[in-house]
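> coords below, sequence missing:
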DNA sequence: TCGCATGATGTTTACGCAAACATGACCTGT
DNA sequence: ACAGGTCATGTTTGCGTAAACATCATGCGA
């Protein structure tokens, strides 16, 4: 073997990133003083501070978070378990949480689980707690296979979406309100009833929307038509739409998200039904594209930023304050009426 | 103040997570043996290993990554700087990178920069290197304000998207090929020329697509119409579409992404132009929804998973192998022909 | 039978940092 | 003038881990 493969202690030291000790040596102070400067403590004379700061600059010093965390027990990092960014809602939620966390001085360590089983969630959870996080946000896009998820204690957890029954604080859009707004809107236009294309059966959000649609119809004394299920994708909406298009008397359809609404719309148009003259279609989410579909889509807008803000502040309260609020916060969505809904044909 | 607010050393010790020492004490071995078991080393007798493992289980031991990282200098974490998950392409890229990283045994620490200026990128970079990452993936969705981005050395960097001229390895979809495929497809249908709604001027991807569109037209001897710009949003596509709809003789439009294509389509339909009978429209990306628009959209599909896989493997090579490949890898996209493109009206 | 390799395990140390405690210098009020 | 305080700074220590080195038994060939 040649000499290049061997490494001297001096060589290693030269290559490694500068530490507080290096800065201290250059500035002619103790490393503790460097620490005080690095952490913006008072009790350092201005002239000394400047000397330390310029030594830091010259050496390109950056504090070593691992070492700092080892001492303080804090990482200033949030773990985030999600089901993937394919679905629009998830991506927006993750995006908003990342930004909110950043404003609060935290970075986000993300894990996408492939299947939302208790096992997978536990694995992700383990990996994250090992991976130095102060708290974990769990986006429970799907209902887990366990009725009562039991996460190891000791790490603050906040749920986004998910079931109210968990023993962790939860923040979510008020899905029930959104579904009620849409359903009422269609009934108020004069439709006798409203059909619903729900999201997957194992989604809490989908379930809440469907339940609220059902309750709203009953409250209004309208007939409750058979429920159809999709999987959030435009393709599944299209399949549901083909079924509905064959059925006479369908004048209003509420799809549980915009992508499925789009699929339903496509199927209707393909079957020769005009939107909204023959059939009204509404979605949920308010995708950026929703306003530019043909026709522009009536939908419900979720405020992901507010949801994320709440999640992060609940998180930070638990981490820094030590309080464990068991609250469940719902953020109100907003009805956006566009051109895909209108009065029924012969009303 | 009452006693509850005070904390004894014993109390603190009781609450803190178990360490190797605790496991070692319970199993009646040295902490080094625990370390060997935790790291799956050989040279531990099976019976001892079992004793240690069960002690770990009983105590709920999880290794402390901060301490481990402090010793090894490795974090098994990748930093990811992106411009936000609002744009479909970004979200898909981030999602794919997260999954690829996970397969390689890394977690992803994500930072979303608000504006892609050199300053913002540097700040994010600083935060991440401090934040204990082994390497950084930079999704350069926008052209930076500096011609030559200079990142602090010492941390492996891989670019996604971005400029070829940077001194870091880069992986991207072959944007030029995609744009050529689309443009040629429209010319081959018999259109005299193809109009282009480009993405924002400060996007590399947008620039490459536009350049390739331009070159393809010239090569074919077609006239090169005036270039329009959008910002990737459906809204901007709509505005461009209104301009194009007023112009007679526009029979084929290539929008630089699907969302803008959708906006263009909306504007055309609103202006009474039929798609594809009067005007053909094509996009780029292949959103899940693209197949369910009315009419279904002809577009180019990018293989984000392959791109992500390459990025992560380049990253891991650098981190673990120490090699610094300066390669630039392009992943070929695929033309997806649907119903939004057809032969020109009177050809 | 002895010496030496091998394998299992223990002991010491260093990683970089901040908390806790220690040391002076200087000030302030009486 | 001196006790008692305040402020800037230094010294010591411990966080949890893995590398390096040390020890001790066991086995095997000469």
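Sure thing, it's come through. What you see is a predicted model; the values in this text were computed from it and never measured.
> can you list the residues of the stretch 101-250 of chain A near chain B?
A:102, A:107-112, A:114, A:126-132, A:152, A:154, A:233-235, A:237-238 (C-beta under 8 Å from any C-beta of the partner chain). For glycine as for every other residue, the C-beta is placed from the backbone atoms N, C-alpha and C.
> Of those, which are in range of DNA strand C?
Among those, no residue is within reach of DNA strand C (C-beta under 7 Å from any atom of the strand).
> Tell me the secondary structure at residue A:342.
Classification of residue A:342 using DSSP: H, G, I helix; E, B strand; the rest coil returns coil.
> got a list of what it touches?
Neighbouring residues of residue A:342 by C-beta atoms under 8 Å, 6 or more residues apart in numbering or on different chains: A:189, A:276-277, A:280.
> Highest neighbour count among those?
residue A:280 (26 neighbours; other C-beta atoms under 10 Å in any protein chain shown).
> any idea how far the nearest residue to that one once chain neighbours are set aside lies from chain B?
Computed as C-beta to C-beta, 6 or more residues apart in numbering or on different chains, the closest residue to residue A:280 that is not its neighbour in sequence is residue A:341, at 4.0 Å. Here the criterion is C-beta to the nearest C-beta, to the nearest Å. By it, residue A:341 lies 17 Å from chain B.
> Look up how far residue A:56 lies from residue A:341.
Separation of residue A:341 from residue A:56 (C-beta to C-beta, to the nearest Å) stands at 61 Å.
> The two: which is more packed in?
Legend: neighbour count by other C-beta under 10 Å for residue A:341 and residue A:56, higher for residue A:341 (24 against 21).
> tell me the phi and psi of that one?
Dihedral angles of residue A:341 (phi, psi; degrees, to the nearest 10) stand at phi -120, psi 140.
> Same check on residue A:281?
The phi/psi pair for residue A:281 (degrees, to the nearest 10) reads phi -130, psi 130.
> For the stretch 201-347 of chain A, which segments are assigned as strands?
A:228-229, A:252-255, A:280-282, A:299-301, A:328-331, A:334-336 (DSSP state E, counting those that start in this stretch).
> Let me know which of those strands is the nearest to DNA strand D.
strand A:328-331 (33.5 Å; C-beta to the nearest atom of the strand).
> Run a quick neighbour tally on the residue of the stretch 201-347 of chain A found nearest DNA strand C.
Closest contact between the stretch 201-347 of chain A and DNA strand C, by C-beta to the nearest atom of the strand, is at residue A:320 (13.4 Å). If you count neighbours by other C-beta under 10 Å, residue A:320 ends up with 13.
> and the gap between it and residue A:66?
21 Å.
> how about the helices in chain A?
Ranges of helices within chain A are A:9-15, A:20-27, A:31-38, A:46-59, A:65-72, A:88-103, A:118-130, A:175-188, A:204-219, A:234-246, A:258-270, A:304-316, based on DSSP state H.
> and among the ones you listed, the most buried is which?
The highest mean neighbour count among those, using mean count of other C-beta atoms under 10 Å in any protein chain shown, belongs to helix A:258-270: a mean of 27.
> give the contact list for the closest residue in space to residue A:313 that isn't next to it in sequence.
Spatial nearest neighbour of residue A:313, excluding adjacent residues (C-beta to C-beta, 6+ apart): residue A:104 at 7.5 Å. Counting by C-beta under 8 Å, 6+ apart, residue A:104 makes contact with A:312-313, A:316.
> My guess is residue A:229 contacts residue A:203. True?
No - Residue A:229 is beyond contact range of residue A:203, at 10.1 Å (criterion: C-beta atoms under 8 Å).
> The residue in the stretch 151-300 of chain A that DNA strand D sits nearest to - how many residues pack around it?
For the stretch 151-300 of chain A, the residue closest to DNA strand D is residue A:154, as judged by C-beta to the nearest atom of the strand, at 12.4 Å. Residue A:154 has 11 neighbouring residues, counting by other C-beta under 10 Å.
> what residue ranges in chain A score low on pLDDT?
A:1-16, A:131, A:142-150, A:164-166, A:322-326, A:347 (pLDDT under 70).
> Got the domain ranges for it?
When chain A is parsed with automatic domain parsing, its domains come out as A:3-63, A:75-172+A:304-330, A:175-302.
> any idea how far residue A:38 is from residue A:23?
Distance from residue A:23 to residue A:38, by C-beta to C-beta: 9 Å.
> Residue A:109 too?
Taking C-beta to C-beta, one finds residue A:109 at 23 Å from residue A:38.
> still on that earlier bit, distance of the residue of the stretch 201-347 of chain A closest to DNA strand C from residue B:64?
Relative to residue B:64, and taking C-beta to C-beta, residue A:320 is found at 21 Å.
> Check residue A:83 too.
With distances taken as C-beta to C-beta, residue A:83 is found 28 Å from residue B:64.
> try residue A:38
With distances taken as C-beta to C-beta, residue A:38 is found 22 Å from residue B:64.
> and what of residue A:260?
45 Å.
> Could you do residue A:30 as well?
Look at residue A:30 and residue B:64: by C-beta to C-beta, they are 27 Å apart.
> All set, thanks.
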